[in-house]
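I would like the atomic coordinates for the input below:
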Amino acid sequence: MKKSEKLKFKLIHTDEASKAQAGIIETAHGKIETPIFMPVGTAGTVKGVHQHELKEDIGAQIILGNTYHLYLRPGTELLEQAGGLHKFMNWEGPILTDSGGFQVFSLSGIRKIKEEGVQFTSHIDGSKHLFTPERAMDIQRSIGGDIFMAFDECTAYPCEHKAAKKSMELTHRWLERCCLHTDKHPPLYGYHQSLFPIVQGSTYRDLRIQSAEFIASMDREGNAIGGLSVGEPIEQMYELTNLVTDILPKDKPRYLMGVGTPANILEGIARGVDMFDCVMPTRNARNGMLFTSEGIINIRNEKWKNDLSPLDAEGTSYVDKGYSKAYLRHLHISKEMLAAQIATLHNLSFYLWLVKEARAHILNGDFNLWKKEMVEKVSRRL
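Numbers count the residues shown, from 1 in each chain. You can find the predicted model right below:
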């Protein structure tokens, strides 16, 4: 793929018993086999993991950068001097950047939303900043991600219908400004960047339908579903995801933002989602929670003290490095830095193994049967 070419998505196969689909996304920095999980590199790093480990040990095909955090530190001026985030962090694969909207949403006590954009106070030094849709696009151009997100407003849960409708309509107006500004200004580093709009509408079916139809009408290269996994009942998240993927075109990547557990991801794939991200595998790893093909382990528990078996008998990539449950528990109890590193690599390996297996079963035609069995397994506590 030439660097000047737009993102391409080739749909290879769709599961007959569900909406699960396997495809290939082509970007300027490489191909991505879907469904895919994207490790979160908030500030230009997936915490505790070297870039060569991401690529060579766990097989990450694409990672995330966070616009809000990268804007505040190290700043766009330095990123531009470096030639963009790829070169700054020495990562040659694709990068997706969020718009900063969710981080600003989480700063409810120190931000003010208006038609122009969002004024917020830096959590680092208390300085004042304004994110407009245009500014968010410029920042993401400076970061240089292959895929970048429209600036949106994410509502809290619960949210009254009137407030959710007002927020959704603001998100749509901001999207039009994002598209206009993006199309007027070429990328900075000589390769194409793709803008993904975001479906909002809280937990209301009518708003989600309206938003999905509007987002689909914008005819961008991919689409995202935002504002879920913010406290709503899990079945409601699944229902709304299924509703939205019925509307968003299946020949363009569909990205469910910030989701989630292994079971969430499998259920999302079954409902037609192609792309996922979440901090859960890395954040929980640092606290001693491991995800495995047989269930969830709290490695700090006494029961693992003398267990010399591998972290996951299934062989989910990183476990073949030879680390046992007893050894990793020892490191956690001893507060050794290596504990967080091994646990993080394990969890990311497992997540990437899971979506790779899902893809294989989609292609083999037995995804739905496999998914039902795996959801039960990966949800239990060991």
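
Please count neighbours and contacts with C-alpha atoms only from this point.
Fine.

Lowest average confidence across helices and strands of the protein, where is it?
The least trusted helix or strand in the chain, going by mean pLDDT, DSSP states H and E, turns out to be helix 101-106, with a mean of 70.

Between the two ends of stretch 241-260, how far is it?
13 Å (C-alpha to C-alpha, to the nearest Å).

For it, give the mean pLDDT please.
The average pLDDT for stretch 241-260 rounds to 97.

Tell me where the model's unsure across the stretch 51-200 of the chain.
104-110 (pLDDT under 70).

ok, Gly322 - contacts?
The contact partners of Gly322, by C-alpha atoms under 8 Å, 6 or more residues apart in numbering, come to Pro310.

domain assignment for this structure?
Domain ranges of the chain: 14-278, 287-379, per automatic domain parsing.

Tell me how far the first one lies from the chain's centre.
Mean-position distance between domain 14-278 and its chain equals 7 Å (C-alpha atoms, centre = their mean, to the nearest Å).

Between its first and last residues, how far does that domain reach?
With C-alpha to C-alpha applied, domain 14-278 spans 24 Å between its terminal residues.

any idea how far Leu243 lies from Arg111?
32 Å.

and the longest helix for this protein?
Scanning the chain for the longest helix, with DSSP state H as the assignment, gives helix 337-364.

For the domains of the chain, give me JSON lines that also has distance to Glu5.
Formatted as JSON lines, the domains of the chain follow (distance: least, C-alpha to C-alpha, whole Å):
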{"stretch": "domain 14-278", "distance to Glu5": "6"}
{"stretch": "domain 287-379", "distance to Glu5": "26"}
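
ok, Glu153 touching Gly100?
No - checked against C-alpha atoms under 8 Å, the pair Glu153 and Gly100 is beyond contact range at 9.7 Å.

If you count surrounding residues, which of these two has more?
Glu153 (27 against 24; other C-alpha atoms under 10 Å).

quick one, what contacts that one?
Going by C-alpha under 8 Å, 6+ apart, Glu153 touches 101-102, 105, 167-168, 170-171.

any idea which helix or strand carries Glu33?
Assessed by DSSP states H and E, Glu33 sits inside strand 30-34.

Tell me which residues are up against that strand.
In this structure, residues lying in contact with strand 30-34 by C-alpha under 8 Å, 6+ apart are 21-26, 61-62, 93-94, 274-275, 355, 359.

Moving C-terminal from that strand, which element do we reach first?
Per DSSP H and E, the first helix or strand lying C-terminal to strand 30-34 is strand 36-38.

Can you name every helix or strand that that following strand contacts?
strand 275-277, helix 337-364 (3 or more C-alpha pairs under 8 Å, 6 or more residues apart in numbering; DSSP states H and E).

Can I get the ones you listed in CSV including mean pLDDT and distance to Pro253?
Output for those, formatted as CSV (pLDDT from 0 to 100; distance: least, C-alpha to C-alpha, whole Å):
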stretch, mean pLDDT, distance to Pro253
strand 275-277, 98, 7
helix 337-364, 96, 15
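
would a markdown table of these with distance to Gly295 and mean neighbour count be doable?
As requested, the helices and strands packed on strand 36-38 are arranged in a markdown table below (distance: least, C-alpha to C-alpha, whole Å; neighbours: other C-alpha atoms under 10 Å):
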| stretch | distance to Gly295 | mean neighbour count |
| --- | --- | --- |
| strand 275-277 | 20 | 22 |
| helix 337-364 | 11 | 22 |
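
How much space separates Asp57 from Leu352?
In this view, Asp57 and Leu352 are 11 Å apart by C-alpha to C-alpha.

Lys377 now?
To Leu352, Lys377 is 17 Å away according to C-alpha to C-alpha.

Chain neighbours aside, what residue packs nearest to Glu314?
Distance criterion C-alpha to C-alpha, 6 or more residues apart in numbering; nearest residue to Glu314, sequence neighbours excluded, is Ser293 at 6.5 Å.

my read: Leu331 touches Leu338, true?
Yes - at 6.9 Å, Leu331 counts as touching Leu338 under the criterion of C-alpha under 8 Å.

shared neighbours of those two, anything?
What both Leu331 and Leu338 touch, as defined by C-alpha under 8 Å, 6+ apart, is an empty set.

which stretch of helix or strand covers Ser99?
Following DSSP H and E, one finds Ser99 outside all helices and strands.

In this structure it contacts Ala150, no?
Yes - if you go by C-alpha under 8 Å, Ser99 and Ala150 touch, sitting 6.0 Å apart.

Quick check on those two: which one has the bigger neighbour count.
Ala150 (30 against 24).

Now for the more buried one: which residues touch it?
98-99, 133, 136-137, 174-175, 178, 195-198.
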